[in-house]
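>>> Pasted the sequence and its predicted model underneath.
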Amino acid sequence: MRVWPGQPYPLGATWNGAGVNFALFAEHATKVELCLFDSVESTQESHRIALPERTDLVWHGYLPDVVPGQLYGYRVHGPYEPAQGHRFNPNKLLLDPYAKLIGRRLTWDDSLFGYKVGQDDTTFDERDSAPFAALARVVDPAFTWGDDRRPRTPWHKTLIYEAHVKGLTMKHPEVPEHLRGTYAGVASEPILRHLTDLGVTAIELLPIHHHADDRYLEEKGLVNYWGYNTLAFFAPHSDYVGTTTALDAVQQFKTMVRGLHSAGIEVILDVVYNHTAEGNQNGPTLSWRGVDNASYYMLSPEDPRYYMDFTGCGNVPNMSHPRVLQMIMDSLRYWVTEMHVDGFRFDLASTLARELYEVNRLGSFFDIIHQDPVLSQVKLIAEPWDVGPGGYMVGNFPPGWAEWNGIYRDEIRDFWRGQETAAAELATRLSGSSDLYQSDGRKPYASVNFITCHDGFSLRDLVSYNEKHNEANHEDNRDGADDNRSWNCGVEGPTDDPGIVALRVQQMRNFIATLMFSQGVPMMLAGDELMHTQGGNNNTYCQDSDISWLDWNLDDTRRDFLDFVKKVSRVWRTFPVFQRRNFFKGRPIRGKDIKDLSWLDPSGQEMGDEAWGAGFVRCLGMRLAGDAIGERDERGEPIVSETILALFNAHWEPVPFTLPDHQPERHWEVLLDTAAPDAAPASYPQGQQYDLKGRSVVLFRLRLNEEHAGDALSAEQTDQAFSGRLDMPERRAPRHEMPQR
């Protein structure tokens, strides 16, 4: 086996058409050996090659006789001194931190641990882990992207759909069986058709970085289904590749992205850079720990034997080390430039700002991203909290970042379950959370609004359970959140009571309507539109089963609800007043009573000081002036919409609501009523009382009276748009195609 000096950059295994360059950063190592394997069944390497050169703390070598497909790992020599933060053990075969394709998954065995299992972690284990360790595979990046183009959907027109690759397609009867649960299945025709019918512009995939299933889960017959246990930041998870396809994970992932882009749908990845699968000092030695523990991880300054932990998962990458920052930035750029993804949602993002201990809002990580010409141009979403002190950072991320708005979720849940909600608080959430995002120059779309997400109850369970029911997780129902802000409508779990069933469906309609009619970026949990239930399980992280897989066989009730969600999405897309790029001014534009935003009490008048100062509100109106948006489109033309009135009533009894009276030549027309979703359109004169049913949302638009019909061209156009016939981009769902090599 010929070995040449090679180059220290790029890190990882790089095929250049003639051979492969191997480069590994290991600052404190004394020797690095590259191990080549002939097959996934091999229990021992066929070649063990000492990398001949070390440049800038990077060990490297070039092998002209190696080609794509080669399986490999590393053995790294150095001191085993846990008290000093060093845990080198050359008996442990290590996965390349820059591995781009996994050739063999790990198999749990005591030999994967650097110490003697059952004894102190300062002991030294001499068993060889090669038969059980994960192996990397050299990848050929060639792929025919064709005319693939990023949709580049503006933030204010973005509708996010959070989904799991496997759970989305595993039970879909129209997805070919060999594609179910795979990347290719996500881009299959039935799924693309469903997403486009919903008006989805971006799919946010739960972690697809290759992850390890926790040992304790496997011993209980479970897996890490969500995937928040990363083992390779550059490699797609290998389980999401169909068994009957010749494509590897990289090729199939690219095929999926190409298919989604062809339908106008962006791809956002949920990424986990806040911890790794190696856990704390009692965890296995799989990659970074054995490559250079003291460099890759944030260790306790008092005792480097132990790890800092702000995630509850045992460790935190050392973001103050330039090579760790480089690894994360290289990973992000790889997924954008090579894999064509359109953005990222950062799990427990506050951890990334912890350079030493406290959360630093302007940490190096954020500074580097803002200066990066690639990453600064994609969608960046923070989960703005972690479990460490000061980690709840909603509203505190820098400009350029959007955030999961947990405050919005909590307030909207409280409002519809009948908890006391202050008028000012509710109004602020509905209008874009300016208190969180306006002061630093961000826009309403900095707020990613959501009612449900993968973590917690599904929408159906939110209205069906007061308590969690996580017995299937085999943790005696101790896991998962206890504070769900849910209401079961009178009965815990399934019921045949038609009144309770109807109320639950109406509450679900209320949540969907509120989400879509709020300013900000709406995010929908996959399956909510199908009334998916998890049986009250609010922590399905380990459930690779029917609990998590979406059921696509819909009865009439579920089909009607899906149609309702599609209708609400059409309304949101049709009227620009829901997609503002700037916060409301609340000031008169023309005429003493005309504002871009007005808040009304049931009398039809603007809410006074008494209403704003009340301890809680159960009913209010939100008037959005379509002729006072004050924004221009991409061509500089003023954006004008019809004026919209949204009425929200969380009270259990009807409320007579007087429709506001400002323009006598117009009347109010009902677009949608969650208490009567199938009712025919009806018109009401201004100043008339509307019987606002208990626990309902009603949406009106302001229309010209018949005698002014000659001026109503824009209204006619809006009718066509609302029915899907005007200005709705055609996004065909192509049939699944394999890439042309």
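Yes, it's here.
>>> State whether residue 253 is indeed within a helix.
Yes. Residue 253: assigned to a helix according to DSSP: H, G, I helix; E, B strand; the rest coil.
>>> Need phi/psi at the closest residue to it other than its chain neighbours.
Counting by C-beta to C-beta, 6 or more residues apart in numbering, residue 236 is the residue found nearest to residue 253 once chain neighbours are left out, at 4.4 Å. Just so you know, the C-beta spots here come from the backbone N, C-alpha and C atoms, and that holds for glycine as well. Dihedral angles of residue 236 (phi, psi; degrees, to the nearest 10) stand at phi -70, psi 150.
>>> how about low-confidence regions in the stretch 501-650 of the chain?
587-594 (pLDDT under 70).
>>> repeat that with 50
Scanning the stretch 501-650 of the chain with the threshold set as pLDDT under 50 gives 589-592.
>>> just how off-centre is the helix or strand where residue 333 lies within its chain?
Element membership for residue 333, per DSSP states H and E: helix 322-337. Taking the mean of its C-alpha atoms, helix 322-337 sits 19 Å from the chain's own mean (C-alpha atoms, centre = their mean, to the nearest Å).
>>> Tell me the buried residues in that helix?
323, 324, 325, 327, 328, 329, 330, 331, 332, 334, 335, 336 (16 or more other C-beta atoms under 10 Å).
>>> the helices in the stretch 501-650 of the chain, which residues?
556-574, 609-613 (DSSP state H, counting those that start in this stretch).
>>> So in the chain, where's the weakest helix or strand by average pLDDT?
The weakest-scoring helix or strand in the chain, judged by mean pLDDT, DSSP states H and E, is helix 713-722 (a mean of 48).
>>> Might you report the residue contacts of the nearest residue to residue 306 once chain neighbours are set aside?
Leaving aside its sequence neighbours, residue 306 sits nearest to residue 300 (C-beta to C-beta, 6+ apart; 4.4 Å). Applying C-beta atoms under 8 Å, 6 or more residues apart in numbering to residue 300 gives the contacts 306, 307, 308.
>>> By neighbours, which of those wins?
residue 307 (22 neighbours; other C-beta atoms under 10 Å).
>>> Compute the distance between that residue and residue 240, please.
Distance, residue 307 to residue 240, by C-beta to C-beta, to the nearest Å: 30 Å.
>>> cool, and residue 380?
According to C-beta to C-beta, residue 380 and residue 240 sit 24 Å apart.
>>> How about residue 326?
Distance from residue 326 to residue 240, by C-beta to C-beta: 27 Å.
>>> measure residue 435 to residue 155 for me?
Taking C-beta to C-beta, one finds residue 435 at 19 Å from residue 155.
>>> again with residue 305
Counting by C-beta to C-beta, the gap from residue 305 to residue 155 is 45 Å.
>>> mind listing the strands for the stretch 451-600 of the chain?
For the stretch 451-600 of the chain, the strands defined by DSSP state E, counting those that start in this stretch occupy 521-525, 597-600.
>>> try the stretch 251-400 of the chain
Under DSSP E, counting those that start in this stretch, the stretch 251-400 of the chain gives strands at 266-271, 343-346, 379-382.
>>> what would those strands look like in a markdown table with distance to residue 514?
Listed next are the strands of the stretch 251-400 of the chain as a markdown table, based on distance: least, C-beta to C-beta, whole Å:
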| stretch | distance to residue 514 |
| --- | --- |
| strand 266-271 | 23 |
| strand 343-346 | 22 |
| strand 379-382 | 21 |
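>>> Just put these in TSV and tack on mean neighbour count and mean pLDDT.
Shown next, in TSV, are the strands of the stretch 251-400 of the chain (neighbours: other C-beta atoms under 10 Å; pLDDT from 0 to 100):
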stretch	mean neighbour count	mean pLDDT
strand 266-271	23	98
strand 343-346	24	98
strand 379-382	24	97
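>>> Which one of these lies nearest to residue 48?
Nearest of the strands of the stretch 251-400 of the chain to residue 48, taken as C-beta to C-beta: strand 266-271 at 33.4 Å.
>>> give me every residue that touches residue 433.
Applying C-beta under 8 Å, 6+ apart, the residues near residue 433 are 395, 405, 407, 408, 444, 447, 520.
>>> scratch that, residue 677
Per C-beta under 8 Å, 6+ apart, neighbours of residue 677: 509, 560, 564, 567.
>>> What about those residues, which one has the most neighbours?
Most neighbours among the contacts of residue 677, by other C-beta under 10 Å: residue 509, with 22 neighbours.
>>> Cross-check the contact I'm expecting between residue 391 and residue 350.
Yes. Contact criterion C-beta atoms under 8 Å: residue 391 and residue 350 qualify, at 4.4 Å.
>>> ok, these two, which is more surrounded?
Neighbours were counted for residue 391 and for residue 350 using other C-beta under 10 Å; residue 350 has more, 28 against 19.
>>> so how far is residue 556 from the more buried one?
The gap separating residue 350 from residue 556 is 45 Å, by C-beta to C-beta.
>>> residue ranges of the helices in the stretch 51-200 of the chain, please?
165-169, 183-186, 189-198.
>>> ok, back up a step: residue 640: which of the strands of the stretch 451-600 of the chain is closest?
That would be strand 597-600 among the strands of the stretch 451-600 of the chain, by C-beta to C-beta, at 15.8 Å.
>>> How about residues contacting the closest one?
423, 427, 431, 584-586, 606-607, 620-625, 660.
>>> Narrow those to those in strands?
Members of the contacts of strand 597-600 lying in strands (criterion: DSSP state E): 620, 621, 622, 623, 624.
>>> Give me the buried subset of those.
Here, 16+ other C-beta under 10 Å leaves 620, 621, 622, 623, 624 buried among those.
>>> so who does the closest residue to residue 242 other than its chain neighbours touch?
Nearest-residue entry for residue 242: residue 182, 4.5 Å, with adjacent residues in sequence omitted and distances by C-beta to C-beta, 6+ apart. By C-beta under 8 Å, 6+ apart, the contact set of residue 182 is 165, 166, 169, 240, 241, 242, 245, 252.
>>> Neighbour-wise, which one of those leads?
Neighbour-wise, the contacts of residue 182 (other C-beta under 10 Å) top out at residue 169, 28 neighbours.
>>> My guess is that one contacts residue 187. True?
No. Taking contacts as C-beta under 8 Å, residue 169 lies outside contact range of residue 187: 9.8 Å.
>>> so where do the helices sit in the stretch 351-500 of the chain?
364-371, 406-416, 423-430, 434-437, 459-462, 498-516.
>>> List the buried residues of the longest one.
Buried residues in helix 498-516, counting neighbours by 16+ other C-beta under 10 Å, are found at 500-501, 503-516.
>>> just checking, what packs against that helix?
If contacts are counted by 3 or more C-beta pairs under 8 Å, 6 or more residues apart in numbering; DSSP states H and E, helix 498-516 sits against helix 406-416, helix 459-462, strand 521-525, helix 556-574, strand 696-704.
>>> a markdown table please, covering the ones you listed and showing distance to residue 13.
Formatted as a markdown table, these follow (distance: least, C-beta to C-beta, whole Å):
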| stretch | distance to residue 13 |
| --- | --- |
| helix 406-416 | 40 |
| helix 459-462 | 44 |
| strand 521-525 | 37 |
| helix 556-574 | 44 |
| strand 696-704 | 55 |
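>>> Which one, of those, ends up nearest to residue 655?
Taking the helices and strands packed on helix 498-516 one by one with C-beta to C-beta, strand 696-704 is closest: 9.3 Å.
>>> I'd like the mean pLDDT over the closest one, please.
Mean pLDDT, strand 696-704: 96.
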